[in-house]
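Trainee: Quick one: sequence and predicted model below, then my questions.
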Number of protein chains: 2
Amino acid sequence: MVQMMKDIIKQETDIDQTSGTEIDSVALEDLCRSLSNNDPQAAKIALASLHAADASDVIEQLSNDQLRQLASFAPDVFTGEILAELSDPVLEKIVEILDAKTVADAIGALESDDAIQVVEELEAEFRDEVLKSVNPKERQALETSLAFEPDSVGRLMQREFVAVPAFFNVEQAINNIRQSDDTTMPDTFYEVYVVDPSYHVVGLVALPVLLRAKSNTPLSELMSPVQIAVTQQTDKEDAAYMFEKYDLPSAPVTDQSGRLVGMITIDDMVEVMHDEHTEDLLSLAGVNEAGLGDTVKDVVLSRAPWLIVNLATAVLTSMVISIFDASMEKIIALAVLMPIVASMGGNAATQGLTVAVRALALREITKANAGRIIVREMVAGLVHGLIFAIIMGLVTFVWFKSLPLALILASAMVINHLVAGFAGILVPLGLKRLGADPAVASSVFVTTVTDIVGFFVFLGLAALVLVS
Amino acid sequence: MVQMMKDIIKQETDIDQTSGTEIDSVALEDLCRSLSNNDPQAAKIALASLHAADASDVIEQLSNDQLRQLASFAPDVFTGEILAELSDPVLEKIVEILDAKTVADAIGALESDDAIQVVEELEAEFRDEVLKSVNPKERQALETSLAFEPDSVGRLMQREFVAVPAFFNVEQAINNIRQSDDTTMPDTFYEVYVVDPSYHVVGLVALPVLLRAKSNTPLSELMSPVQIAVTQQTDKEDAAYMFEKYDLPSAPVTDQSGRLVGMITIDDMVEVMHDEHTEDLLSLAGVNEAGLGDTVKDVVLSRAPWLIVNLATAVLTSMVISIFDASMEKIIALAVLMPIVASMGGNAATQGLTVAVRALALREITKANAGRIIVREMVAGLVHGLIFAIIMGLVTFVWFKSLPLALILASAMVINHLVAGFAGILVPLGLKRLGADPAVASSVFVTTVTDIVGFFVFLGLAALVLVS
């Protein structure tokens, strides 16, 4: 067993090394060695030549004790770029050790959208301390961001962007970009926003278009319309959805009066999509937000809530079964066969549910097709029910030599598959209707329904027909 | 019931209309009306003013009959842009109706990466016909793409890009971009690739950097290193992973000798991430690729394979239960309680499995931490097992007034949670080791293990202690 585990661990590395996307194992070894030798200088050297994204990957491989050691003896390895790349649980552990001044200096070098990602993870008290140590202009920008809802675009947008008046021509626009101060320019940008005198966005010009146009062309002739309307209040998942739909590299963000105040870029939106994916996947499995946490305590706490709910529904299911204990005592085959009905219904319902949750996330279910989809799921459930009823009816007949038992099992299979089709689509739609995330809790509801219906119908039919 | 379904359907529309990301319902109504009036002109008008992404969303709302009608009476609404945006199942249905010439004309206007997305979905015979009708240069490009593996970068890259020699200065580079022919320029680009005389990429210059630099600066001074090495053979999911990690807007693609041959851009990579995520989510629920298909037949076929496997494992589980039928006949409480042990184990294992699958997709499990993660999962399983053993032990004692039964159930809970922790992490790692996708099949393996162990341990302990 231990050998098998070792093999698997070893194999993981091999896969990493062939994928071209591996953790820098040399840097990781150097870093671990520096920690066991208690040599801060060596730790710095180990990470110095890496891209921040690689350095953060290496740091995330450390155990909690190693993380704490690194943060206390070499706090300056944690540059702003690295802090912004670290996953939230690791970041939380590191900032527990770092002092406010170190964090403030590190984030001072970042653009506003990256800085806010670090700051929003800090505990309120420590956050205030950090904010006191950053320069006043940046502090104000960060405080403005923090005033927005965590899920809004206002929280993650950057306040640096390039805007030029519509009456400029290409040469004037390019000169304006050339002569702007480095501190007001974004690190990178893909489009120039064209504004009217009241700073409302009237269009945008992609950089290749600007580069290839004649010098004297007015921007008003070159610009294309802004494809999507994003305000600071827009939900970031809605913004990400629109970026994906229209293949956008960036979008201007306005305040409620329509004035241009910021910019969101595709890299931030990719992160939003990524978090949304992770959340949907983990929610469907009943794992709470902190699901990728590192410690046993994190793991136990993040998964316990839905296990408790599942325990309650399992007890409820047992109570349903216990109604029929007399029948089962007479015909023990009922106890042997009953899990099949429940298990098939649960699996079929989970399939339908997952497809529905994904379709809802992609905004694919609408008025025009919801009715059709519901009907489709129920018909598919019926067809599956009939197929598996025939198979299991035959298996049961051969196994227990009882035609009535085979027919009862087959009937229960049909009914439970139909219920599975019904629950798999209506539970997520219903949860969404109630304003809840359809990925959360759907699984538990749906499998509870198929368990209880599965046991009740099978045992109930048996009690009526075979026992009475 | 019907009223509830109608409410839900209605509510879905309300949600759409407030989200700012809705289907254009006016266009959809116009389109449907044009179809029932058999008026191709009105169908064209309904879609004419929409962005291709919106038009394709509207078209995807149609039923299969409506799709066929639209494709036969107004084939020219299917521009290349719209075809490239349609989901694969819808595209397949439409190209069954369109003739090769129409498809060839539509894709003639597209860039190579968008054109290939349409062409690769066509049946081999029809594809050959379409390729015959596109112009020779484009045909050659498409045939070159098709020669690569479907999952490789060579398949989805575009062959248009901007490359300039390293000895150029800024002014020369900009002039080169200005004077290039429209047909060789990509529709959009974010970076200029700097090449040596043998067309190897030596660096890249982001457009803002180029714009802001002095005219006489040589590119060799401005350029930054290429962050990632992508060849035509690189797996597209690896490329997407690197785009996300390094926040890249584009990357140069080389052939095996290192010569620059193409470009991949973030919008294509976002689509890859999106498909990868959908695949993982559906695989975990046991739904095959065609999971979002539209017809009952699609749904039944895409889900039947894993339901059949589940049926087999459910029968196997029943056989395990039947070993203990004599014990259950004597103590019917065993039949009542046994689903609780299996259900809790199955849920806990699915939680662990999902976290592991996600961590594997994110390349978070490596040699350095695999051992720690395995231990963590098993300890967490043990802790959950102890917690739920205490709760269920008490419940059982109160319910059935039997201390031995309560202790047996509690022991079975601890053992099955430990097994769940073990299976939830080792099954996906093991599948990956075997070169399989850990998301596929993991669920079935893992829940089969927890079902069989759950029933066997609980009933087996009872048979040993209570019955013998």
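Mentor: Nice, thanks for sending it over. Residues are numbered from 1 along each chain as shown, chains lettered A, B, ... in the order given.
Trainee: Show me how far stretch A:229-240 is from its chain's centre.
Mentor: Relative to the centre of its chain, stretch A:229-240 is centred 16 Å away, using CA atoms, centre = their mean, to the nearest Å.
Trainee: Return the set of buried residues in it.
Mentor: A:230-232, A:234-240 (16 or more other CB atoms under 10 Å in any protein chain shown). (Glycine included, C-beta is placed from N, CA and C.)
Trainee: what's the answer for stretch A:142-157, then?
Mentor: Applying 16+ other CB under 10 Å to stretch A:142-157 flags A:142, A:144-145, A:148, A:152-157 as buried.
Trainee: Need these in TSV (columns: pLDDT and distance to chain B).
Mentor: Shown next, in TSV, are these (pLDDT from 0 to 100; distance: CB to the nearest CB, whole Å):
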residue	pLDDT	distance to chain B
A:142	89	21
A:144	89	23
A:145	90	19
A:148	93	17
A:152	95	13
A:153	95	11
A:154	94	15
A:155	92	17
A:156	90	14
A:157	92	15
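Trainee: what would those look like in CSV with distance to residue B:93 and secondary structure?
Mentor: CSV is the format used below for the buried residues of stretch A:142-157 (distance: CB to CB, whole Å; DSSP: H, G, I helix; E, B strand; the rest coil):
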residue, distance to residue B:93, secondary structure
A:142, 51, helix
A:144, 50, helix
A:145, 46, helix
A:148, 43, coil
A:152, 39, strand
A:153, 37, helix
A:154, 42, helix
A:155, 42, helix
A:156, 39, helix
A:157, 40, coil
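Trainee: Using JSON lines, lay out the residues you listed together with distance to residue B:417.
Mentor: Shown next, in JSON lines, are these (distance: CB to CB, whole Å):
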{"residue": "A:142", "distance to residue B:417": "44"}
{"residue": "A:144", "distance to residue B:417": "48"}
{"residue": "A:145", "distance to residue B:417": "43"}
{"residue": "A:148", "distance to residue B:417": "42"}
{"residue": "A:152", "distance to residue B:417": "40"}
{"residue": "A:153", "distance to residue B:417": "42"}
{"residue": "A:154", "distance to residue B:417": "44"}
{"residue": "A:155", "distance to residue B:417": "39"}
{"residue": "A:156", "distance to residue B:417": "39"}
{"residue": "A:157", "distance to residue B:417": "45"}
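Trainee: what's the closest of the residues you listed to residue A:346?
Mentor: Comparing the buried residues of stretch A:142-157 against residue A:346 with CB to CB places residue A:152 closest, at 37.6 Å.
Trainee: quick one: residue A:451 and residue A:341 touch, right?
Mentor: No. When contacts are counted by CB atoms under 8 Å, residue A:451 is not listed as touching residue A:341 (9.3 Å).
Trainee: where in chain A is pLDDT low?
Mentor: For chain A, the stretches with pLDDT under 70 are A:1-21, A:289-294, A:468.
Trainee: try it again with 80
Mentor: Scanning chain A for pLDDT under 80 picks out the ranges A:1-24, A:112, A:183, A:288-294, A:367-368, A:441, A:467-468.
Trainee: Could you list the domains of it?
Mentor: A:2-156, A:163-263, A:289-467 (automatic domain parsing).
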